[in-house]
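Asker: I'd like to go over a predicted model; first the sequence, then the structure.
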Amino acid sequence: MEILVIVGLLLLERLRVDLPLRRWWARVAPRPTFAVAGAVPVPIALAGFDVRRLLPRVLTVLAALLMLRLVLAGRPTDAYSGVNETVGFYWALVGLGVLIVVATVGGRDRDQELLAAAPADGRTRVRGWAVTLLLAALTIYAFSAWRLARVSGGSYDALLPNAWELAQVPLMVLGGGLLGLLVARLLPVWAAVPVATVAAIMWTGGFGTEDGLAVLAPMYEWVKYNDSDSGATALIPGSFAWHNAYLAGLCGLGLVAALLREPGRRLALVVTGAVLTGATIAAAVLALP
Amino acid sequence: MTVRVQQVSKRFGRTTALDAFSVALGSGVTGLLGPNGAGKTTLLRILATVLPPDEGSVRVLGLDPSQPADRLELRRRLGYLPQDVGAYPGFSVREFVDYVAILKEHTDRRARRAEVDRVLELVDLTGKAYARIRSLSGGMRRRLGLAQALLGSPDLLVLDEPAAGLDPHQRLRFRELVSAVGTDRCVVLSTHQTDDVAALCRDVVVVNAGRVLFHGTPSELAASAAGRVWRSEQREPGATLAWVSGDGSTRQIGSPPPGADLVDPTIEDAYLVLVGAKALDDAEPIAV
């Protein structure tokens, strides 16, 4: 079933329902249309390009509708919903969606001869993706903070995340995108996208929720619920904050790996990668119960 | 000179693509002629900074592509159309040119929009701006490749078989476009179309087996075959190549017999004299 859903999402992702609309807009729009004035660095221009392309995609629209539904929802009635709406498991679907989209389109210029002669090199293009994903992560963080403000004030307030703990979802989206970028650049076969998606699901589910190692999964729900009184009874052992530091380290490693794939000087990246590896391992150890 | 290539060699495993290749090119349009595997594409890739040479030196627009700073500056002043553009099928025409424009550091969105409009107009693709690339014909894709190469009015245009797949009208438009660029800038193009060379090029370089066989003007190339092309009723023993032309006579290239009816050679004749004889020697005879 999951595979069918992933294949369905991949097919949806390839639809370009926006093109007829863009053609129409180009005909009727007054000139000059809105444009950001002045030159900007290439990675930012690339991010703008990809945001304009990806915003009208079916997957993006579905994700936006999901967020809109949350915005319009009232205050949750129990702890389970209160926690889920800010840092809950279904946000993992957004992370998976970003992984799928980036893995599908992020390898478009791999070994592209035409672009090998362009002034902006492969690393600049990776930085462009990083800026795009950072924009997505910041948007999700802002939204989560807004939603957190709306859901707080209930009996479950003690269980809600603080500002740093709230970063789990945006970090997961950033990491999902960077993982997608690595898949696109290192494993340029169609099957790699569903395989990576299933692997990400197994990475999350495989650790289990009750086991202490759950904190090493990308998505870590740290509240233990008691269904009988529909309230939260305890926090699962382990540090949620260090879990986020561990995720941040993984994101950094993903970016370094994507940059190392492109030609250029490597020493600084290798040193950065080594430092990040140490920091990520340390954060993982500190996150464990 | 805009392009100076000295004693450049490039090998791919046991295959020698360029063998101590030297050439100097100025402004104007230069055509590279040669059979498949002659080394034309390798030379163009080296000029476009996609490949480094194994040996020898290259200077383009006064810059040394082996130096990172010079290479970057050269890429800023270069327009490159590879043999296989590899345009992304899911992109629209406008998106693809826009994307390449960003990678060519056109990062002011308003100016970039105007530039993309300009090059799409130049190659007559404005009406297809919002069509997906997968829906384009081969000729349209070639024009799309040409459009991205023209972004930013580059000082050097490197075009690998730019006219392949174009219909006659589009080929004329292509000639008009390239000749306009070539009036004050350098254009290097490879082609199998000798009539494009005759119509467009100030210089022609005939390449075979990674070496220069001829470098001069198209008229000099044609003149180099003087006395080697004749016409008669039927094929003569000295002909390396012969075909029945439209007027019913047999046009022949090779060593004419005494008293043969010599005709003025074309560039194609001269090319065949230089390259074709060798190729024909290696080929099986055609049974008719």
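Answerer: Cool, got the structure. Given the structure is predicted, the values throughout are model-derived calculations rather than measurements.
Asker: Now residue A:131: phi and psi?
Answerer: Dihedral angles of residue A:131 (phi, psi; degrees, to the nearest 10) stand at phi -60, psi -40.
Asker: Let me know how buried the residue lying closest to it once chain neighbours are set aside is, in neighbour terms.
Answerer: Distances taken as CB to CB, 6 or more residues apart in numbering or on different chains place residue A:47 nearest to residue A:131, at 3.8 Å, with adjacent residues excluded. Every C-beta, even on glycine, is put in place using the N, C-alpha and C of the backbone. Residues near residue A:47, counting by other CB atoms under 10 Å in any protein chain shown, number 23.
Asker: now swap in residue B:235 and tell me
Answerer: 14.
Asker: which SS state does it fall under?
Answerer: Three-state assignment for residue B:235 (DSSP: H, G, I helix; E, B strand; the rest coil): coil.
Asker: which ones are touching residue 77?
Answerer: Because you didn't say which chain, this covers chain A. If you count contacts by CB atoms under 8 Å, 6 or more residues apart in numbering or on different chains, residue A:77 has none.
Asker: could you do chain B instead?
Answerer: Residues in contact with residue B:77 (CB under 8 Å, 6+ apart) are B:61, B:154, B:155, B:156.
Asker: Let's see the pLDDT reported for the second one.
Answerer: Per-residue pLDDT puts residue B:154 at 94.
Asker: Leaving out sequence neighbours, find the closest residue to it.
Answerer: What sits nearest to residue B:154 in space, not counting adjacent residues and going by CB to CB, 6+ apart, is residue B:79, at 3.7 Å.
Asker: where does the stretch 151-289 of chain A have low pLDDT?
Answerer: For the stretch 151-289 of chain A, applying pLDDT under 70 flags the ranges A:207-211, A:224-234.
Asker: quick one: the strands in it?
Answerer: For the stretch 151-289 of chain A, applying DSSP state E, counting those that start in this stretch gives strands covering A:223-226, A:231-235.
Asker: Within range of chain B, give me the residues from the stretch 101-250 of chain A.
Answerer: Proximity of the stretch 101-250 of chain A to chain B, by CB under 8 Å from any CB of the partner chain, involves residues A:105, A:108, A:112-120, A:124-125.
Asker: Quick one: neighbours of the closest residue to residue B:52 other than its chain neighbours, just the number.
Answerer: Among residues not flanking residue B:52 along the chain, residue B:66 sits closest, at 6.5 Å (CB to CB, 6+ apart). Counted with other CB under 10 Å, residues neighbouring residue B:66 total 13.
Asker: quick one, what contacts residue B:66?
Answerer: B:52, B:57, B:58.
Asker: Tell me if I am right that it is in a helix.
Answerer: No - read with three-state DSSP, residue B:66 is coil and lies in no helix.
Asker: For it, give its distance to chain A.
Answerer: 14 Å (CB to the nearest CB, to the nearest Å).
Asker: now swap in residue B:45 and tell me
Answerer: As for residue B:45, its distance to chain A is 8 Å (criterion: CB to the nearest CB).
Asker: Spatially central, which residue of the chain would that be?
Answerer: If you meant another chain, say so; for now it's chain A. residue A:173 (1.2 Å; CA atoms, centre = their mean).
Asker: sorry, should have said chain B
Answerer: residue B:190 (1.5 Å).
Asker: So that residue belongs to a helix, correct?
Answerer: No - note on residue B:190: no helix contains this position according to three-state DSSP, which reports strand.
Asker: Tell me which residues touch the residue nearest to residue A:131, please.
Answerer: Contacts of residue A:47 by CB under 8 Å, 6+ apart are A:128, A:129, A:131, A:132, A:135.
Asker: Could you do residue B:70 as well?
Answerer: With contacts defined as CB under 8 Å, 6+ apart, residue B:70 is in contact with B:63, B:64.
Asker: In which helix or strand does residue A:82 reside?
Answerer: Assigned by DSSP states H and E, residue A:82 belongs to helix A:79-87.
Asker: can you list contacts of the helix or strand just after that helix?
Answerer: The helix or strand immediately downstream of helix A:79-87 is helix A:91-105, counting by DSSP H and E. With contact meaning CB under 8 Å, 6+ apart, helix A:91-105 is reached by A:6, A:9-10, A:13-14, A:54, A:57, A:59-60, A:62-63, A:66, A:129, A:133, A:136, A:140, A:169, A:172-173, A:175-181, A:183-184, A:192-193, A:196-197, A:200-201, A:204, A:218-219, B:90.
Asker: which among those residues end up buried?
Answerer: A:6, A:9-10, A:13, A:54, A:57, A:59-60, A:63, A:129, A:133, A:136, A:140, A:169, A:172-173, A:175-181, A:183-184, A:192-193, A:196-197, A:200-201, A:204, A:218-219, B:90 (16 or more other CB atoms under 10 Å in any protein chain shown).
Asker: In helices only, show me the residues you listed.
Answerer: A:6, A:9-10, A:13, A:54, A:59-60, A:63, A:129, A:133, A:136, A:140, A:169, A:172-173, A:175-181, A:183-184, A:192-193, A:196-197, A:200-201, A:204 (DSSP state H).
Asker: three-state assignment of residue B:9?
Answerer: Going by three-state DSSP: residue B:9 is strand.
Asker: quick one, strands of the stretch 101-250 of chain B?
Answerer: So, for the stretch 101-250 of chain B - with DSSP E, counting those that start in this stretch - the strands run B:156-160, B:186-191, B:203-208, B:211-216, B:229-232, B:239-244, B:250-254.
Asker: Would you mind saying which of those lies nearest chain A?
Answerer: Nearest of the strands of the stretch 101-250 of chain B to chain A, taken as CB to the nearest CB: strand B:156-160 at 8.0 Å.
Asker: for that closest one, the distance to its chain's centre please.
Answerer: Distance, stretch centre to chain centre, for strand B:156-160: 8 Å (CA atoms, centre = their mean, to the nearest Å).
Asker: Other residues contacting it?
Answerer: The contact list for strand B:156-160 (CB under 8 Å, 6+ apart) reads A:117, B:2-3, B:40-41, B:44, B:47-48, B:60-61, B:74, B:77-83, B:146, B:149-150, B:178, B:181, B:185-190.
Asker: residues in contact with residue A:4?
Answerer: Residue A:4 is in contact with no residue at all, counting by CB under 8 Å, 6+ apart.
Asker: What is the subsequent helix or strand relative to whatever helix or strand it lives in?
Answerer: Here residue A:4 sits within helix A:2-13, counting by DSSP H and E. Moving toward the C-terminus from helix A:2-13, the next helix or strand (DSSP H and E) is helix A:18-28.
Asker: Run the chain-centre distance for that following helix.
Answerer: With CA atoms, centre = their mean, you get 30 Å for helix A:18-28.
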